[in-house]
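Q: Okay, predicted coordinates and the sequence, questions at the end:
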Amino acid sequence: MNICMLAVVMICFFNLLEFFRRYPDENVKIDDYLNYCQMFYDYTEILESTYFQTHQDLAEELAMQILVSVLKGDQNYHYENIAFVCNESGEILRMAPMIDHEFSTYFMFPDSMGQHMYWFGELERSIEGREIRADEYDWLVNETERHMMEKSATCLHNNLVYIREHYPLVAEEFLRKLSRFENDLIEHKEWFAVKKSPGYPDHANSDAWMIGKARYKDHDEVKAANHEVKYGGPGKKIKFDTLNSLLRGSGFKKILADYEGQVEFNESKMPVFDADNDDFTLTLYNLNYGTNYATQVKQNDTQGDTQDDTQEKIIKMIEENPRVSTSDMAKRLGIGIATVKRKIKKMPNISYVGSGYSGHWEIK
């Protein structure tokens with residue numbers, strides 16, 4: 001008679017933050033680490049640590065996870081969310097699976113076109129590693145948050161370059177899988193359609209995060225209470241057709257590529273894509289005439305903020321700082337500068353007194 005014995009193995013987890021606090025490494029400035037949502041992180045110093053330099057298999061697992069996090073635009077891929085799987089004696093066995101997939105940039109703001117486009121742009125620029133202007137994030141009043149945003153704006157590029165140079169086999173495997181994934185996206189779009197699941201809400205509130213930020217990051221209960229009154233509702237109904245259109249690609253990139261391939265094209269004639277919570281605006285410059293004659297194509301999206309809500313936010317910023325620029329307004333609202341100016345024109349109670357940097361806004 002055969003008797004099968006079932007062995008029960010105790011499994012434990014601990015994350016990167018806990019690990020490097022327990023085992024400090026001169027290459028990892030763990031005491032400088034801060035957890036901020038909607039920030040990307042540079043993992044080159046983690047991969048340079050003695051532990052990962054001497055544990056190639058785990059380093060390769062982490063490198064693959066980093067590449068996947070970049071692919072999905074993970075805005076919550078932080079030290080606390082990267083964990084080791086250990087046995088009961090504390091011996092590390094492998095990297096734990098990734099978590100918090102709902103923090104993907106592609107799905108963070110399903111009810112707000114402006115915020116979606118702004119943060120998707122931040123993802124693109126961090127991957128490309130474009131140089132940061134000195135005043136680019138001056139709209140962030142909190143100095144710590146501003147410095148983190150400046151690092152976030154280029155760090156994904158650093159991660160990609162490092163992994164390509166130090167883990168070329170991982171990069172090759174990732175690209176092979178990415179090619180298959182891209183092929184499936186093209187041939188089987190229905191596999192990736194986003195739908196409402198039974199029992200889950202079909203509304204989203206892209207402003208509700210400000211309540212938590214005020215309470216847990218700014219430690220300002222008064223601001224949090226005010227935000228709860230203003231933004232604490234159920235949000236807006238998600239338009240899944242619009243969301244799926246964005247995820248598949250709307251054709252604007254093809255337009256840009258076609259423009260750049262024309263003989264008459266130069267940088268001054270680059271099509272301008274502007275989006276807010278109400279509509280898309282694509283400005284196409286006439287390459288034949290070499291002028292700023294343009295055709296504007298609009299695509300309505302009624303799931304965005306109402307006009308009054310955007311106006312209220314503009315008024316609030318002017319009340320806080322009468323010298324606030326339209327550029328800063330655009331960044332804080334997650335919309336284009338042209339859209340801000342267009343909305344202000346529809347606000348007869350707002351006027352700009354003076355000129356240039358010496359002027360200021362007045363509310364009648």
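A: Perfect, I can see it now. Numbers count the residues shown, from 1 in each chain.

Q: Could you use CA atoms for every contact and neighbour count after this?
A: Noted.

Q: Flag every buried residue along stretch 85-94.
A: Going by neighbour count (16 or more other CA atoms under 10 Å), the buried part of stretch 85-94 is Val85, Cys86, Ile92, Arg94.

Q: In a helix, the second one, correct?
A: So the one you mean is Cys86. No. Under DSSP: H, G, I helix; E, B strand; the rest coil, Cys86 sits outside any helix and is assigned strand.

Q: What distance do you get for it to Gln65?
A: Using CA to CA, to the nearest Å, Cys86 is found at 18 Å from Gln65.

Q: what are the ranges of the strands in the stretch 51-200 of the chain?
A: Under the criterion DSSP state E, counting those that start in this stretch, the stretch 51-200 of the chain contains strands at 83-87, 92-95.

Q: Out of those, the one nearest Pro348 is which?
A: Among these, the nearest to Pro348 by CA to CA is strand 83-87 (54.5 Å).

Q: same for the closest one, what does it pack against?
A: Other helices and strands packing on strand 83-87, by 3 or more CA pairs under 8 Å, 6 or more residues apart in numbering; DSSP states H and E, are strand 11-15, strand 92-95.

Q: quick one: contacts of the shortest one?
A: For strand 92-95, contacts defined as CA atoms under 8 Å, 6 or more residues apart in numbering pick out Leu58, Glu61, Leu62, Ile82, Ala83, Phe84, Val85, Cys86, Asn87.

Q: For the second one, which non-adjacent residue is spatially closest?
A: Nearest residue to Glu61, sequence neighbours excluded (CA to CA, 6 or more residues apart in numbering): Met95, at 6.6 Å.

Q: which residues does the one you found bridge with?
A: Phe84 (DSSP bridges).

Q: closest one to Leu333 among the strands of the stretch 51-200 of the chain?
A: Proximity to Leu333 (CA to CA) singles out strand 83-87 among these, at 34.6 Å.

Q: Quick check: mean pLDDT of that closest one?
A: Strand 83-87 comes out with an average pLDDT of 91.

Q: Just the angle for that strand relative to strand 11-15, thanks.
A: Between strand 83-87 and strand 11-15, the angle comes out at 150 degrees (axes from the mean of the first three to the mean of the last three CA atoms, to 10 degrees).

Q: Spatially, which two of the buried residues of stretch 85-94 are the most separated?
A: Across the buried residues of stretch 85-94 (CA to CA), the longest gap, 7.3 Å, separates Cys86 and Arg94.

Q: so where's the stretch 101-250 of the chain uncertain?
A: Within the stretch 101-250 of the chain, the stretches with pLDDT under 70 are 246-250.
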